[in-house]
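# Quick one, fold the following:
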Amino acid sequence: MSPANEFFRRHLGFAKPFLEAVFSLEARLAEWWVSGAHHRLFLAQWGIHPAPEYFDHKIGLYWMWKAQRYAHWVERGVFSLLAMEPGCRALELCCGDGFNAHFFYSSRVSSMLSVDFDPKAIAYANSNFRAENVTYQLADIRTQMPEGNFDNVVWDAAIEHFTETEIADLMGNIKKRLTPTGILSGFTIVERSDGKKMLVHHEYEFKSKDDLVRFFKPHFRNVKVFETIYPDRH
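Next up, the predicted model:
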């Protein structure tokens, strides 16, 4: 402990209850303001046409998680992280805002290339979630799938933005870029029980676990689909 820290520890102990009360109030006020601001951002982005191409995960972190107590916005980062070995080389498809690459994968990978076709998403990622071992790149994976060999490919909350034909073609291109023991991981959504789409700009929402699995079976020997059901989505 430095001399300055030791001085404050010894001589400001009497003020601790007061300082805790002040900073606790400050923290609660800050939490209230930040949560409200991100709720308003959510209403503006998703309540007014057109809907954005990517989700700002700070909305989930600062407002949605507390308001709804649903963890689906963070599940995808957790599950794909579990599939990664330390020091792996990874490719992230349709990375969106870069939140998962920064807060989950960057701590595990030796390098990660994160791509998205939306210039706004890539600009946001570069401004908010930069890490030395993560590179953000503008690319439409239908025609600009990055070349190379990767231990992991992550395709989170984006497979539903492609048609059935595009998904089948992309699976083949992904498999070609994985090492012999490579893993493709991801997260997607099941369509509503009334058959309508959860989001209008989704190209194809899956009917069931089996409906999703059928796209993987032609390319992968081992396929596992985990399932969680929340009040607002499956």
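
# In space, not sequence, find me the middle residue of this structure.
Centroid check for the chain by C-alpha atoms, centre = their mean gives N100 as the closest residue, at 4.0 Å.

# for the protein, what spans make up the strands?
Under the criterion DSSP state E, the chain carries strands at the ranges 88-93, 109-116, 134-138, 150-156, 178-187.

# nearest to E205, of the ones you listed?
Of all those, strand 178-187 sits nearest to E205, with 13.0 Å by C-beta to C-beta. Backbone N, C-alpha and C define where each C-beta goes, glycine included.

# Give me the neighbour count for the nearest residue to P86 once chain neighbours are set aside.
The shortest distance from P86 to any non-neighbouring residue, by C-beta to C-beta, 6 or more residues apart in numbering, is to R108 (5.9 Å). R108: 19 surrounding residues under other C-beta atoms under 10 Å.

# Does R108 touch C88 like I think?
Yes - R108 lies in contact with C88 (C-beta atoms under 8 Å); the separation is 6.9 Å.

# Look at the closest residue to Y70 other than its chain neighbours and report its pLDDT.
Computed as C-beta to C-beta, 6+ apart, the closest residue to Y70 that is not its neighbour in sequence is Y230, at 4.9 Å. According to the prediction, Y230 has pLDDT 89.

# same question, L212
96.

# returning to that earlier point: how about JSON lines for the strands of the chain, with mean pLDDT and distance to F79 added?
Shown next, in JSON lines, are these (pLDDT from 0 to 100; distance: least, C-beta to C-beta, whole Å):
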{"stretch": "strand 88-93", "mean pLDDT": "98", "distance to F79": "14"}
{"stretch": "strand 109-116", "mean pLDDT": "98", "distance to F79": "15"}
{"stretch": "strand 134-138", "mean pLDDT": "98", "distance to F79": "19"}
{"stretch": "strand 150-156", "mean pLDDT": "97", "distance to F79": "9"}
{"stretch": "strand 178-187", "mean pLDDT": "96", "distance to F79": "6"}
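
# got a list of what F103 touches?
Contact partners of F103, counting by C-beta atoms under 8 Å, 6 or more residues apart in numbering, are G77, F129.

# roughly how far apart are it and H57?
Going from F103 to H57 by C-beta to C-beta, to the nearest Å gives 8 Å.

# for D140, same thing?
If you go by C-beta to C-beta, the gap between D140 and H57 works out to 22 Å.

# Having no further points to raise, I will conclude here.
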